[in-house]
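Colleague: What shape does this take:
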Amino acid sequence: MSAQDNADRHPLRGHLVIHVGGYKQMRKCTFHVFSSHPTQLIPDRFVGAATYPTDTPEWSEEGWAVGDNPRDRFCKWNGTKPVRRFKDYDEAVRFVFRLRQKRKRPNEAYTLVYVTRNGLGKDVSQAVSSLDDIEAIELQLCAERTQIETEQANYRAQLEIERPAYAQLREAYGPARGFTLSDFLKRVREQGLAAVKAQHPHSSFYRNVRELRALGLID
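Modeller: Below you'll find the predicted structure:
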């Protein structure tokens, strides 16, 4: 299957980045002492970086990523430097293959990580090894987004019952005045204008009616 076929069947809603484990910056003046040989100083270049499972804190804390730079230099996984992004799965796989051929570091582990947004608009990331993994993530997030949208719609509907047109009134008259007018509008809709009029001083009643009519909320 070609890259175009993959893109047509599995368009990436998010993007891919490459996590690098088992890599560290060597320090010439750093030496290590191990309990097995307490009198021997081991130069840092002879001590390889550890690799960690993707579900451990160390995987993120000690990990690196392929940076967005011309020389493919690595940058810290949770650092501030920009990370190279891939919108095409096959392109990312080919890049990892070239990276292995170029560096020839058997201790280094390259992991594709899919980054997308959840229903709350926050970035979520997960290690993947196939397009099926990405599709499964998106299906799950799609279900979550649908649930969130349904809950938000229900909340807005309930809020409109309890505090009708509050957002519009708050924008027009401020939070405190908007709250008062929303409560007034709710009682008008439940009891009728004549019944509410009998419960208010004329000055406040007519002011409320005038301001609600200005926004087209009552006739």
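
Colleague: What segments of the chain are helices?
Modeller: Counting by DSSP state H, the chain has helices at residues 3-9, 57-61, 89-103, 131-162, 166-173, 175-191, 193-197, 202-214.

Colleague: now the angle from the fifth one to helix 131-162?
Modeller: What separates the directions of helix 166-173 and helix 131-162 is an angle of 70 degrees, with axes from the mean of the first three to the mean of the last three CA atoms, to 10 degrees.

Colleague: Nearest to Leu120, out of the helices of the chain?
Modeller: Go through those one by one with CB to CB and the one that ends up closest to Leu120 is helix 131-162, at 6.9 Å. To be clear about C-beta, it is placed using only N, CA and C from the backbone, and glycine gets the same treatment.

Colleague: right, and Val93 touches Leu112 too?
Modeller: Yes: using CB atoms under 8 Å, Val93 is in contact with Leu112, at 7.4 Å.

Colleague: Of those two, give the one with the bigger neighbour count.
Modeller: Under the criterion of other CB atoms under 10 Å, the comparison of Val93 against Leu112 puts Leu112 first, with 21 against 18.

Colleague: Specify the beta-bridge partners of the more buried one.
Modeller: Leu112 has these beta-bridge partners by DSSP bridges: Ile18, Val128.

Colleague: residue contacts, it?
Modeller: Going by CB atoms under 8 Å, 6 or more residues apart in numbering, Leu112 touches 16-19, 92-93, 96, 127-129.

Colleague: Name the nearest of those relative to Thr54.
Modeller: The shortest distance between Thr54 and any of the contacts of Leu112, using CB to CB, involves Ala127 and amounts to 4.3 Å.

Colleague: ok, the nearest residue to the closest one once chain neighbours are set aside - contacts?
Modeller: In space, not counting the residues next to it along the chain, Ala127 is nearest to Thr54; the distance is 4.3 Å by CB to CB, 6 or more residues apart in numbering. The contact partners of Thr54, taken as CB under 8 Å, 6+ apart, are 19, 111, 127.

Colleague: 10 Å - rerun?
Modeller: Contact analysis of Thr54 by CB atoms under 10 Å, 6 or more residues apart in numbering lists 19, 21, 60, 63, 109, 111, 113, 126-128.

Colleague: If you rank the residues you listed by neighbours, which is first?
Modeller: Gly63 (23 neighbours).

Colleague: contact partners of stretch 104-111?
Modeller: Residues outside stretch 104-111 that contact it (CB under 10 Å, 6+ apart) are 17-24, 48-52, 54, 59, 63-66, 74, 92, 95-97, 99-100, 103, 127-129.

Colleague: about what we covered before: out of the contacts of Thr54, who's nearest Leu185?
Modeller: Sorting the contacts of Thr54 by distance to Leu185 puts Gln126 at the head of the list, at 46.5 Å, by CB to CB.
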